[in-house]
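Novice: Using only what follows, build the 3D model:
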Amino acid sequence: MAQTGKSPSGWRKLWAEWTGLHLYEKFEYGVCMVISLVITVIVMVALFDLVRNVGLLLLVNALDPLDHKLFQSIFGMIMTLFIAMEFRHSIHSVMERRGHIVQVRSVILIAMLAVARKFIIIDTSQTDAMSLMALGFITLSLGGVYWLLKYHETRASAAG
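Specialist: Predicted coordinates:
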């Protein structure tokens, strides 16, 4: 069937891009695809576990949002899902050739999410002040690096 002014289908576009890649780029794409599939499976299992745990808590009437430990546990699982999905998104953007390698900005963002998760699940009654100060310093450092990267990208795009 002849194409009538429409853009090529997804498979044809993928095949056209694939044939234009060098051997190492094909290898890189394959690795990203496998990692993406593994992360997808992990997200699905974690989501199932989250829904199952919350469902069981609802069934036994044990879901008390004022219970600090329970709140930390549930939101820790939710943050873990967000981190995995952001990681999967950064791998997916590499696969779509929007970037040749995983962007540093994405890695910093994932690290910031991991630190935020740590703040949510941390038990402050059993954590010393130095650990909290270290987490605060890490948060400020990651935020500063993220801002610098965005600032540099903004200036580079404005200049070019």
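Novice: Quick check: which element contains the nearest residue to Arg105 once chain neighbours are set aside?
Specialist: Distances taken as Cβ to Cβ, 6 or more residues apart in numbering place Leu149 nearest to Arg105, at 4.8 Å, with adjacent residues excluded. Bear in mind the C-beta positions are built from the backbone N, C-alpha and C, glycine included. Assigned by DSSP states H and E, Leu149 belongs to helix 129-159.
Novice: What residues sit buried inside that helix?
Specialist: By 16 or more other Cβ atoms under 10 Å, the buried positions in helix 129-159 come out as Thr139, Leu142, Val145, Tyr146.
Novice: now it, how far from the centre of its chain.
Specialist: Put simply, helix 129-159 sits 17 Å off its chain's centre (Cα atoms, centre = their mean, to the nearest Å).
Novice: and what of stretch 44-55?
Specialist: Taking mean C-alpha positions (Cα atoms, centre = their mean), stretch 44-55 and its chain are 18 Å apart.
Novice: returning to what we had before: which elements pack onto the helix holding Leu149?
Specialist: Helix 129-159 sits against helix 104-121, with contacts defined as 3 or more Cβ pairs under 8 Å, 6 or more residues apart in numbering; DSSP states H and E.
Novice: Convert the helix it packs on to CSV, retaining C-alpha atoms only.
Specialist: Presented in CSV, the C-alpha positions along helix 104-121 are these (Å, rounded to 0.1, in the frame of the first residue of the first chain):
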residue,chain,number,x,y,z
VAL,A,104,23.7,14.3,34.1
ARG,A,105,20.6,16.5,34.9
SER,A,106,18.4,13.4,34.9
VAL,A,107,20.9,11.6,37.2
ILE,A,108,20.9,14.6,39.6
LEU,A,109,17.1,14.7,39.5
ILE,A,110,16.9,11.0,40.4
ALA,A,111,19.4,11.5,43.2
MET,A,112,17.2,14.4,44.5
LEU,A,113,14.2,12.1,44.5
ALA,A,114,16.1,9.5,46.4
VAL,A,115,17.2,12.0,49.1
ALA,A,116,13.6,13.2,49.3
ARG,A,117,12.5,9.6,49.8
LYS,A,118,15.1,9.2,52.5
PHE,A,119,13.7,12.3,54.3
ILE,A,120,10.2,10.8,54.1
ILE,A,121,11.2,7.4,55.6
